[in-house]
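Engineer: here are the coordinates; sequence isn't available:
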């Protein structure tokens, strides 16, 4: 009987010990206490937890709702999380000798706070050296707030591997979701403690599908969050990129590749790029840029030098098909996004095949009003001045252009600005025009102003005015007749008045070696049509007794003598023309 009691008592003790062991293993509350001891010894902070239990696949201690206290009198936790997971082996559970240098934080919130006295939540009161640790972050969020100046930012979710070094530095490799985009992050900080003092060396690289950024320099938070050091940026300038970086963006048509290499110096939300080398599409320049994002409206200032300022890639497309005016809205709303002052000195300014040297371009954007002006010396000599103004304050938006060219070679300038590539000569021209509308088509339809032209010793290519005057004696021409030569002129002068998209010819006169020609009528710029009359004289005698009418779309008008009913009855019309000028008709 005694043996049975001994056996039963031994079994009960064994069960009790097994139960205690199971409780200790399955509910390892001692792990939270051990981490709390490490936090006090290494960091001078308190640690709290909601509970502990085991994960079995893989084997790990899971601590629920862990919290590491903040610094000073802050009521905020420096780190809080849904779970802290420490991988273990079974033997470590029995011996309670767990390696806490590698763990995972799930759904962590990391608060980087600076109070009114300038004390940072990451300023630990430990011995100065801490145990190295490897932390896996899963869906962490990081927030920064400086009570001295109200500066704040937040990033998350962040996932990746954080290596904490014994010297107080760390390296991170992983990804963060910023403004709904995944950003690859690689960073290395020399010393966390030095950030809020004189600053710490920092290297980081960011990359997304929109571009990349890298920095190597110093990070400091006193008296404001600041960066100083070389920075490199590359990507594609687009609406998506401006939205991603949090800048007011309006709407940009298309996109353009860009690169920036510069020395960054920032303080709070004020940034300076010194000795910047910038490329944007075909635009290449070097200079300085500052951006002040502290106010409600960002302010940009820049001064650049460029060997070749190519305006083609900087002027938005109107989305116009050949022979049509564009119907795509122009992004005037971007004028309300920021203020700017820009100055560019360029050895050459080029646009649509026009090249001019010693260019100076100035741009001012304030409260939705854009003002641009420039001067340059065209390749053939002379001077070119222009001013362009636009406002997005009114609806519809308004634009104006003032252009003056003096003693210039006409062909490249007129070809690039008006498409009149066949007109050569030397002289001057000017235009003062204004319009309103959201699209190119609307602006052409509301165009008003005046333009003047005065050229000498030039020619109209692919034309033979004398042959045209001869041809219209016999037939109605459908379109401009083909000509291999050109109509040379001694002088060509003209003045037009523009209203509601129609250019009325006040005077247009051309003196050729063979005849004197004058033109009256109007050109409908919106519909790309014309209704003009040409009168030509040889000496004191008219080449034709009636004007020659050019009517219809300007790329293929009908050309005929101004004889009554000639379009209805061509034969009768040409017979009457001969009667009016018997000698010319024989």
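Structural biologist: Cool, the structure landed. All figures in this text were calculated on a predicted structure; none of them were measured in a lab. Numbering: from 1, shown residues only.

Engineer: residue 53 pairs with what?
Structural biologist: Beta-bridge pairing of residue 53 under DSSP bridges involves residue 62.

Engineer: tell me if I'm right that it and residue 83 touch.
Structural biologist: No. Residue 53 is not in contact with residue 83 according to CB atoms under 8 Å; the separation is 10.2 Å. Using the backbone N, CA and C atoms, a C-beta is placed for each residue, glycine as well.

Engineer: show the model's pLDDT score for residue 325.
Structural biologist: Per-residue pLDDT puts residue 325 at 85.

Engineer: shouldn't it be within a strand?
Structural biologist: No. Under DSSP: H, G, I helix; E, B strand; the rest coil, residue 325 falls outside any strand and is assigned coil.

Engineer: quick one: residues contacting it.
Structural biologist: Residues near residue 325 by CB atoms under 8 Å, 6 or more residues apart in numbering: 318, 439, 440, 441, 444, 526.

Engineer: show the buried residues in those residues.
Structural biologist: Using 16 or more other CB atoms under 10 Å as the burial test, the contacts of residue 325 include 318, 439, 440, 441, 444, 526 as buried.

Engineer: hmm, who's touching the helix or strand that contains the fifth one?
Structural biologist: Counting by DSSP states H and E, the element that carries residue 444 is helix 440-445. Contacts of helix 440-445 from elsewhere in the structure, counted by CB under 8 Å, 6+ apart, are 318, 320, 325-328, 330, 396, 399, 435-437, 500-501, 525-526.

Engineer: swap in 10 Å and give it another go.
Structural biologist: Contacts to helix 440-445, defined as CB atoms under 10 Å, 6 or more residues apart in numbering, come from residues 317-320, 324-330, 396-399, 433-437, 439, 500-502, 524-528.

Engineer: hang on, the earlier thing: what do residue 53 and residue 83 both touch?
Structural biologist: Taking CB under 10 Å, 6+ apart as the criterion, residue 53 and residue 83 both touch 62, 63, 64.

Engineer: which one of the residues you listed is nearest to residue 40?
Structural biologist: Within the shared contacts of residue 53 and residue 83, proximity to residue 40 (CB to CB) peaks at residue 63, which comes in at 16.3 Å.

Engineer: thought that closest one was touching residue 88?
Structural biologist: No. Residue 63 lies out of contact with residue 88 (CB atoms under 10 Å); the separation is 12.0 Å.

Engineer: need the residues touching each of the two.
Structural biologist: Counting by CB under 10 Å, 6+ apart, the residues touching both residue 63 and residue 88 are 28, 31.

Engineer: what's near enough to touch the residue lying closest to residue 411 once chain neighbours are set aside?
Structural biologist: Excluding its sequence neighbours, the residue lying closest to residue 411 (CB to CB, 6 or more residues apart in numbering) is residue 424, at 4.6 Å. By CB under 10 Å, 6+ apart, the residues touching residue 424 are 409-412, 414-415, 455, 457-461, 486, 488-489.

Engineer: go with 8 Å
Structural biologist: Neighbour list for residue 424: 409, 410, 411, 458, 459, 461 [criterion: CB under 8 Å, 6+ apart].

Engineer: likewise residue 502?
Structural biologist: By CB under 8 Å, 6+ apart, the residues touching residue 502 are 522, 523, 524, 525, 526.

Engineer: can you tell me how far the first one sits from residue 531?
Structural biologist: Think residue 522. As judged by CB to CB, to the nearest Å, residue 522 and residue 531 stand 6 Å apart.

Engineer: a markdown table please, covering the buried ones among the contacts of residue 325 and showing distance to residue 113.
Structural biologist: Shown next, in a markdown table, are the buried ones among the contacts of residue 325 (distance: CB to CB, whole Å):
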| residue | distance to residue 113 |
| --- | --- |
| 318 | 51 |
| 439 | 50 |
| 440 | 52 |
| 441 | 55 |
| 444 | 58 |
| 526 | 62 |
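
Engineer: and the furthest pair within the residues you listed?
Structural biologist: Between any two of these (CB to CB), the greatest distance is 13.9 Å, for 318 and 526.

Engineer: thanks again, I'm all set now.
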